[in-house]
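**Q** Starting from these lines, generate the structure:
(chains A and B)
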Amino acid sequence: NAGVTQTPKFQVLKTGQSMTLQCAQDMNHNSMYWYRQDPGMGLRLIYYSASEGTTDKGEVPNGYNVSRLNKREFSLRLESAAPSQTSVYFCASSLVSNTEAFFGQGTRLTVV
Amino acid sequence: AQSVTQLGSHVSVSEGALVLLRCNYSSSVPPYLFWYVQYPNQGLQLLLKYTSAATLVKGINGFEAEFKKSETSFHLTKPSAHMSDAAEYFCAVRPSNFGNEKLTFGTGTRLTIIP
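**A** You can find the predicted model right below:
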């Protein structure tokens, strides 16, 4: 059982380039999340999707877009990468609100 | 709106000593509360959760936490620290009202165990 799978694991981008981070879960979960983790700042919510077909902004949505492609997949897109987007990105999913979220292994993104 | 405050970004305890990691929350509706642990270069894994049943919650690896509504707290404790407990710990809150799936984390506490 794979759980939450993120691709790629590492990525280096040049300023202004675009890319999409992929996330898929095989647990039939309803909700999916994208967080970024920066030293001293914990995990900050970028976007989340409470169910297939819906997405909502989190604390730090600027510079990002998301797509809930289907129940399994939730992608995060950087249209024009900036050095401030250098971070570790985590995808997570959960079944319902009183259950825990399961996390992927993260994507380490560096923008130069 | 909801938020989590974790007091102490770094905590050091001696092996065998009590571990106490502090978490205070703010939520406009009754909350669900979670503690997660992150080992270096890994994702987060659940330690324990409070979902409005018993206020004293036991988790994995000997950790427990007590929900105190009057203090809006959910502190994490372990009676005797072990070297393998060295990691970063995150408290998280989610409102319990139907349809609100926003999960908010604190800034984390890095726990160091002194041999």
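
**Q** got the contact list for the residue nearest to the spatial centre of chain B?
**A** By C-alpha atoms, centre = their mean, chain B has its centre lying nearest to residue B:35, at 3.4 Å. Residues near residue B:35 by C-beta atoms under 8 Å, 6 or more residues apart in numbering or on different chains: B:21, B:23, B:46-49, B:59, B:63, B:65, B:74, B:76, B:89-92. No exception for glycine: its C-beta is placed from N, CA and C like everyone else's.

**Q** Show me which residues of chain B are close to chain A?
**A** B:6, B:9, B:32, B:34, B:36, B:42-46, B:49, B:51-52, B:90, B:92, B:94-96, B:98-108 (C-beta under 8 Å from any C-beta of the partner chain).

**Q** Can you select the buried ones among those residues for me in PyMOL?
**A** Selection of the buried residues among the residues of chain B next to chain A in PyMOL, burial being defined by 16 or more other C-beta atoms under 10 Å in any protein chain shown:
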select buried, chain B and resi 6+32+34+36+43+44+46+49+51+90+92+94+95+100+101+102+103+104+105+106+107+108
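
**Q** Can you flag which of the residues of chain B next to chain A belong to helices?
**A** Per DSSP state H, helices hold no members of the residues of chain B next to chain A.

**Q** Now intersect the residues of chain B next to chain A with the strands, please.
**A** Judged by DSSP state E, the residues of chain B next to chain A include B:32, B:34, B:36, B:44-46, B:49, B:90, B:92, B:94-95, B:104-105 as members of strands.

**Q** Redo these as JSON lines? Include distance to residue A:5 and pLDDT.
**A** Formatted as JSON lines, these follow (distance: C-beta to C-beta, whole Å; pLDDT from 0 to 100):
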{"residue": "B:32", "distance to residue A:5": "25", "pLDDT": "92"}
{"residue": "B:34", "distance to residue A:5": "22", "pLDDT": "95"}
{"residue": "B:36", "distance to residue A:5": "19", "pLDDT": "97"}
{"residue": "B:44", "distance to residue A:5": "15", "pLDDT": "93"}
{"residue": "B:45", "distance to residue A:5": "16", "pLDDT": "92"}
{"residue": "B:46", "distance to residue A:5": "18", "pLDDT": "94"}
{"residue": "B:49", "distance to residue A:5": "23", "pLDDT": "93"}
{"residue": "B:90", "distance to residue A:5": "21", "pLDDT": "97"}
{"residue": "B:92", "distance to residue A:5": "22", "pLDDT": "95"}
{"residue": "B:94", "distance to residue A:5": "23", "pLDDT": "90"}
{"residue": "B:95", "distance to residue A:5": "28", "pLDDT": "84"}
{"residue": "B:104", "distance to residue A:5": "24", "pLDDT": "91"}
{"residue": "B:105", "distance to residue A:5": "21", "pLDDT": "94"}
